[in-house]
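Asks: for reference, the sequence and a predicted model appear below.
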Amino acid sequence: HSDPDKYWDNGKNPDEQKAIRYFLKNNTFVFIALHKDAVAKIHKYYGNNCMVHILNNGVDQQLYVPTLEKRENIRAELGIDKSAFVMGHVGRFMDMKNHGFLLEIFQRIQKQRPDAMLCLVGEGELKEQTITKAKELGLLIVPADSFGAKGWVRLATCVSPDLIKRSIPAFEKIAKLYNL
């Protein structure tokens with residue numbers, strides 16, 4: 001999943017590289033890559049003779065095929081209006097994921113779609129920085145452990161009084177969850 005260039009380019013992490021070369025020399029190391037581009041990068045650092053296997057997605061994707069029923073149930077559970085435009089991103093809060101740019105794009109989208117919502121899921125060293133940037137952009141942040149998993153953050157901009165009224169049941173659920 002990680003980019004080999006990030007860890008090994010220009011002599012980075014020499015102890016790790018030394019250990020991998022030892023295992024490669026003794027034929028006890030097999031790389032696992034998620035796609036052909038990753039295989040090419042591994043070969044770049046360790047030669048074409050090292051063993052690399054591509055691991056296909058082991059998730060049963062049929063479990064996640066969207067249906068109108070699933071969509072409506074999840075939106076009802078989260079207190080999201082049926083007509084709202086919802087964007088999502090699942091990933092570690094780190095530079096490589098570029099959450100700051102995502103927030104800027106979302107801010108533009110919401111100017112065109114005031115009902116737009118952005119759900120960010122994840123943990124990481126830049127989570128607090130991302131939340132700070134969201135505030136600077138005028139986005140409302142609601143911590144959302146109740147949205148299905150720890151680490152969710154739900155974002156929206158300042159919205160119309162009507163949307164606030166429609167959101168009250170969701171805020172009541174959150175308040176109850178946190179004993180407020």
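Replies: Received, thanks. Residues are numbered from 1 along each chain as shown.
Asks: quick one: Asn73 from Pro66, how far?
Replies: Distance, Asn73 to Pro66, using Cβ to Cβ, to the nearest Å: 11 Å. Glycine gets a C-beta too; all of them are placed from N, C-alpha and C.
Asks: okay, the two: which has more neighbours?
Replies: Between Asn73 and Pro66, counting by other Cβ atoms under 10 Å, Asn73 is the more crowded of the two (11 against 8).
Asks: may I ask you to confirm that that one belongs to a helix?
Replies: Yes - assessed by DSSP: H, G, I helix; E, B strand; the rest coil, Asn73 belongs to a helix.
Asks: and it, what pLDDT?
Replies: At Asn73 the predicted local confidence, pLDDT, stands at 88.
Asks: not counting its neighbours along the chain, what's nearest Lys97?
Replies: Distances taken as Cβ to Cβ, 6 or more residues apart in numbering put Gly91 closest to Lys97, at 4.6 Å, once the chain neighbours are dropped.
Asks: was I right about the one you found contacting Gly122?
Replies: Yes - the pair Gly91 / Gly122 is scored as a contact, 5.2 Å apart, by Cβ atoms under 8 Å.
Asks: what is the neighbour count of Lys133?
Replies: 16.
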